[in-house]
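S.K.: Let's see this in three dimensions:
(one chain, ligands or ions: 2)
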Amino acid sequence: MEIIYVKNNDIKPIKDPLCCAVGNFDGVHLGHQMLINEAKNHSLKSAVLTFYPHPSVFLKKIKNYPLLTPMNIKQDIIESLGVDYLIIFEFNDEIAKYSKDEFIDIMKRLNIKSVVCGYDFTFGYKALGNVSDLKNNFMVYVIPKYVLDDVRVSSSYIRELLSYGNIYDAKRFLGRDYTIRGRVIYGSMQGRLIGFPTANVFHDGYFLPRNGVYFVSVLYKNKKYYGMCNIGHNPTFNFQTELRVEVHIFDMDLDIYDEVIDVSFLKEIRDEKKFQSIDELKCQLLKDKEMCISLSKEIKD
Ligand SMILES: Cc1cc2nc3c(=O)[nH]c(=O)nc-3n(C[C@H](O)[C@H](O)[C@H](O)COP(=O)(O)O)c2cc1C
Ligand SMILES: Nc1ncnc2c1ncn2[C@@H]1O[C@H](COP(=O)(O)OP(=O)(O)OP(=O)(O)O)[C@@H](O)[C@H]1O
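M.R.: Residues are numbered from 1 along each chain as shown. Ligands and ions are numbered 1, 2, ... in the order given. From the prediction side, this is the model:
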């Protein structure tokens, strides 16, 4: 997949005429995947046009607005879907003011010939552009509302599911396990003292499932491990103000500090709890481990 970065008026035509799916695609969920597959279904080269930073992040001026798929992981998922080009459009003050016609003009100059979008897609200043405007300028393939459990599949709904710790349904709406990718950073080194060393994962930029303990898988250097993850503040040892994501990985004794791992959430196990003593915490962790190992045995890879 070729990645093309586009900034304001610095537009060069892409050498191939394109059939392009357009949107934010946070999560690259089942609805988004319908669009992307449609873009691959025509004689032109396929493309996905998306924005960076996410327009909601930019327009709402929220620093570190958490996403389901920050750009690096979104890029990998889109590539795995077999797309030829990913066009990353820098979203800034100027772009936010582009009228629907200016936006259409940019798409034409990029050599986009066909557009794939959802039935409710809007674009341009104040979201005044819609599917009819696109139809006056391109061959347009409109994807009807994609629904699961009577709900429109959307990034916002998947966030809601994760905020309830509903890993099972988040996976159904995403079409894959919910996964975060982060560098392993130093924690307080206390985990190893109680027999449960943990990899603390740098999670900035990610929307996290509700605080609690989860059965997870970890991908490190193309090898898959199972483990258990705590999202929380470690109230028993000493309460950490910063939210921590820490994974105790089974059957791994490598030094992975500073390495990047993918953590996929497979099942919620329990809430985080303040225990009366470290021994009680240890006892609970042994039970958690037993439970997660038995869950891992149920999985056929
Ligand atoms: C699977 C798992 C579950 C945990 N559950 C709790 C918990 O319920 N309450 C708590 O205070 N700490 C919990 N912890 C956090 C431990 O207190 C933490 O691993 C310890 O503070 C060591 O932190 P460190 O890796 O920064 O040294 C859990 C850790 C793991 C890996
Ligand atoms: N469930 C769906 N059915 C059909 N089209 C969809 C669906 N979800 C998104 N789309 C389309 O995918 C493109 C990208 O949309 P966008 O990234 O805004 O998705 P979203 O999941 O609806 O996000 P949010 O929940 O943040 O509004 C748009 O063209 C949109 O119309």
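S.K.: Now do stretch 57-74: distance from first to last residue.
M.R.: Terminal residues of stretch 57-74 are spaced 16 Å apart (C-alpha to C-alpha, to the nearest Å).
S.K.: mind listing the helices for the stretch 51-200 of the chain?
M.R.: 55-59, 71-80, 93-96, 100-109, 131-135, 155-163, 167-174 (DSSP state H, counting those that start in this stretch).
S.K.: And the residue lying closest to Asn211 once chain neighbours are set aside, how far from Thr69?
M.R.: Leaving aside its sequence neighbours, Asn211 sits nearest to Gly232 (C-beta to C-beta, 6 or more residues apart in numbering; 4.4 Å). For glycine as for every other residue, the C-beta is placed from the backbone atoms N, C-alpha and C. With distances taken as C-beta to C-beta, to the nearest Å, Gly232 is found 23 Å from Thr69.
S.K.: So which of the two has more stuff around it?
M.R.: Ranked by neighbour count (other C-beta atoms under 10 Å), Gly232 and Thr69 place Thr69 first, with 28 against 20.
S.K.: Now do the more buried one, the pLDDT please.
M.R.: pLDDT recorded at Thr69 is 97.
S.K.: Would you mind confirming that it is in contact with Gly27?
M.R.: Yes: applying C-beta atoms under 8 Å as the test, Thr69 and Gly27 come out as touching, 5.6 Å apart.
S.K.: residues touching Ile180, list them.
M.R.: 73, 201, 203, 206, 208, 245, 262-263 (C-beta atoms under 8 Å, 6 or more residues apart in numbering).
S.K.: and Cys229, what are its phi and psi?
M.R.: phi -120, psi 140 (degrees, to the nearest 10).
S.K.: which residues sit in contact with it?
M.R.: 213-214, 216, 245-248, 263, 265.
S.K.: Tabulate these in CSV, adding columns for secondary structure.
M.R.: Listed next are those as CSV, based on DSSP: H, G, I helix; E, B strand; the rest coil:
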residue, secondary structure
Val213, strand
Tyr214, strand
Val216, strand
Val245, strand
Glu246, strand
Val247, strand
His248, strand
Val263, strand
Phe265, strand
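S.K.: The residues you listed: which ones sit near ligand 1?
M.R.: 213, 246, 248 (C-beta under 6 Å from any ligand atom).
S.K.: quick revisit: adding neighbour count and pLDDT as columns, could you present the contacts of Cys229 in a markdown table?
M.R.: Shown next, in a markdown table, are the contacts of Cys229 (neighbours: other C-beta atoms under 10 Å; pLDDT from 0 to 100):
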| residue | neighbour count | pLDDT |
| --- | --- | --- |
| Val213 | 23 | 98 |
| Tyr214 | 26 | 98 |
| Val216 | 28 | 98 |
| Val245 | 24 | 97 |
| Glu246 | 23 | 96 |
| Val247 | 25 | 97 |
| His248 | 21 | 96 |
| Val263 | 27 | 98 |
| Phe265 | 23 | 98 |
